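# What follows is a predicted protein model with its sequence.
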Amino acid sequence: MVLLLLCTVVVCIALVAFVPRYENNKPIKPVVACATPEKACVFLTLTGLAPFDTSQVMVNSKLIDASLRSGLSWLMQAQQQNGGWGAGTHARQNEFDPHAVEADPATTALVGMALLRTDEKPFDGSHAAQLKKAVTFLLNAVDNTPAQMVNITTLTNTQPQTKLGKNIDVILTAQFFSNALHYMGKNNSLKDQVSNALQKCVGKIQQAQDNDGGWKDGGWAPVLQSALANNALEGARDMGAKVDDKVLDRSRSYQKQNYDVKTNSAVTGKAAGVMLYSVSSSARASAQESRVAKETIDKAKKEGTLDQQAEVNETNLEKAGLSKTEAQKYATAYKIRGAAASKAQENNVMTGFGNNGGEEFLSYLMTGESLIIGDNNDWKSWYEKMSGRLVQIQNGDGSWNGHHCITSPVFCTATCLLILSIDKDIEFLIKTK
């Protein structure tokens, strides 16, 4: 009875919030949920007054497909004339009009990756024209940047930069270029330009690495920018770009230091004190090495070098033919990815900051990708929980927006679409060299 009364009060408050509010003669968009769970009060969840019980969610493919379609439709309307998308500035977190902000490379790259993932043949599909305009926008951003300049935009204090780091534009752009090359056919006229731009981005990212293996100017939660930089370098290398192995090794070591497998706990000092950011970053950054460890053991079992019950550990990796140094490195990555990914799926960790900002959505994305890359079938149960959560908090117009920090509906919608369509990108995610 008390819970029912509380829900009723919150619903009434939320309905009052639907009355348009104005700032500088512009209406401020209210947060609207398009569907309510049967056994939870979604308004309590969205206002941070109650945790979301992910154990009650079941996946529904029809709802997910409808959610993807409405989200994509909203994003297409949000594209600007120059081909880009923008998140807006940190100072104007209440600006939800996608055409009232300047387009930035980080947000454009994120939307571009969503377009790549949600279409089997993105450069020939229904959103091919918008995708090509996005590619051109990002190519121009790279080409117009001096070689000695790390970032690829003159914009400052954008929402992604403030929360994810000053170098996030070049990092996400590199990741987009790598993904785009995967989908481009041999005859795509933009392929050579994208390859060259990717190599330039790699050089800029490597230039910005700090002495500890992380990345400089890391923003509110430095571990997130560093994890995304690690992803970008791995992706670039897998698509043929020249990446300095020493830079990548330092990056992976930095991420491994953020999780202690002995105590099963995260170091959250560089994660703004939020465990979700730390564990999702550690899980994602160690995923490729973890997969190598598992595949090495599986191969040794097939060849008869190891028995079928052999576990993935340093001793068995040495028996499988790796040097002691390699065995130690891959065994450590396997332990960290497994422990961190498991931790990241706990309900109390998934709540992140308490309610969702764009960085929560990015952390969820890294968790899911780490499960798939690490060859862990737990990604299916994770997907059921996460897809149910996202469908329920989608706005009525098809967008998502954050409730703190990165509030941009463009940034959040692109990230949510990447999460909901993660099952469409399995083959690419597990590609390693």
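Everything's here; your move.
# low pLDDT regions in the chain?
1-59, 93, 218-222, 258-287, 336-378, 403-405, 426-433 (pLDDT under 70).
# For it, which segments count as strands?
Per DSSP state E, the chain has strands spanning 21-23, 26-28, 259-260, 265-266. These are given in chain order.
# who's in contact with the closest residue to residue 244 other than its chain neighbours?
The shortest distance from residue 244 to any residue other than its chain neighbours is 5.6 Å, reached at residue 206 (Cβ to Cβ, 6 or more residues apart in numbering). Any C-beta I mention is one placed from the backbone N, CA and C, and that applies to glycine too. Contact analysis of residue 206 by Cβ atoms under 8 Å, 6 or more residues apart in numbering lists 233, 243-244, 247.
# With residue 179 instead?
The neighbourhood of residue 179, defined by Cβ under 8 Å, 6+ apart, consists of 112-113, 116-117, 235, 428.
# same deal with residue 324?
For residue 324, the contacting residues are 314, 318, by Cβ under 8 Å, 6+ apart.
# Repeat the analysis, applying 7 Å as the threshold.
Residues counted as contacts of residue 324 (Cβ atoms under 7 Å, 6 or more residues apart in numbering) are residue 318.
# Over to residue 296?
Contacts here follow Cβ under 7 Å, 6+ apart; on that basis residue 296 touches 317, 320, 322.
# what about 6 Å?
With contact taken as Cβ atoms under 6 Å, 6 or more residues apart in numbering, residue 296 is in contact with residue 320.
# Tell me, how many residues neighbour the closest residue to residue 198 other than its chain neighbours?
Distance criterion Cβ to Cβ, 6+ apart; nearest residue to residue 198, sequence neighbours excluded, is residue 177 at 4.0 Å. Counted with other Cβ atoms under 10 Å, the burial measure for residue 177 works out to 30 neighbours.
# who touches stretch 188-197?
The contact list for stretch 188-197, computed with Cβ under 6 Å, 6+ apart, reads 135, 139, 142, 177, 180-181, 184.
# Quick check: the gap between residue 209 and residue 83.
30 Å (Cβ to Cβ, to the nearest Å).
# Equivalent analysis for residue 256, please.
From residue 256 across to residue 83, the span is 38 Å (Cβ to Cβ).
# do the same with residue 224
From residue 224 over to residue 83 the distance is 26 Å, taken as Cβ to Cβ.
# Pull out the buried residues from the contacts of residue 206.
If you count burial by 16 or more other Cβ atoms under 10 Å, the buried members of those come out as 233, 243, 247.
# Looking at these, which one is closest to residue 416?
Using Cβ to Cβ, residue 233 is the member of the buried ones among the contacts of residue 206 that lies nearest residue 416, at 25.1 Å.
# Spatially nearest residue to residue 199, not counting backbone neighbours?
The spatially closest residue to residue 199, leaving aside those adjacent along the chain, is residue 241, at 5.2 Å (Cβ to Cβ, 6+ apart).
# since we're on that neighbour, how many residues are nearby?
22.
# Same check on residue 211?
Residue crowding around residue 211 was assessed by other Cβ under 10 Å; the count is 7.
# cool, and residue 326?
Residue 326 - counted by other Cβ under 10 Å - has 17 other residues nearby.
# Let me see the contact set for it.
Taking Cβ under 6 Å, 6+ apart as the criterion, residue 326 is in contact with no other residue.
# Residue 327 versus residue 303, what's the distance?
Using Cβ to Cβ, one gets 17 Å for the distance from residue 303 to residue 327.
# now residue 84
46 Å.
# Among those two, which residue is more densely surrounded?
Here residue 84 and residue 327 are set side by side on neighbour count (other Cβ under 10 Å), and the busier one is residue 84, at 24 against 21.
# Name all residues that make contact with the more buried one.
Under the contact definition (Cβ under 6 Å, 6+ apart), the residues listed for residue 84 are 103, 108, 137.
# Surely the first one touches residue 86?
Yes: the pair residue 103 / residue 86 is scored as a contact, 4.4 Å apart, by Cβ atoms under 6 Å.
# neighbour count winner among those two?
When neighbours are counted by other Cβ under 10 Å, residue 103 and residue 86 differ, and residue 86 comes out ahead with 28 against 24.
# Surely that one is in contact with residue 105?
No: the pair residue 86 / residue 105 is not scored as a contact, 9.7 Å apart, by Cβ under 6 Å.
# Give the full set of residues in contact with residue 82.
Residue 82 makes contact with 103, 137 under the criterion Cβ under 6 Å, 6+ apart.
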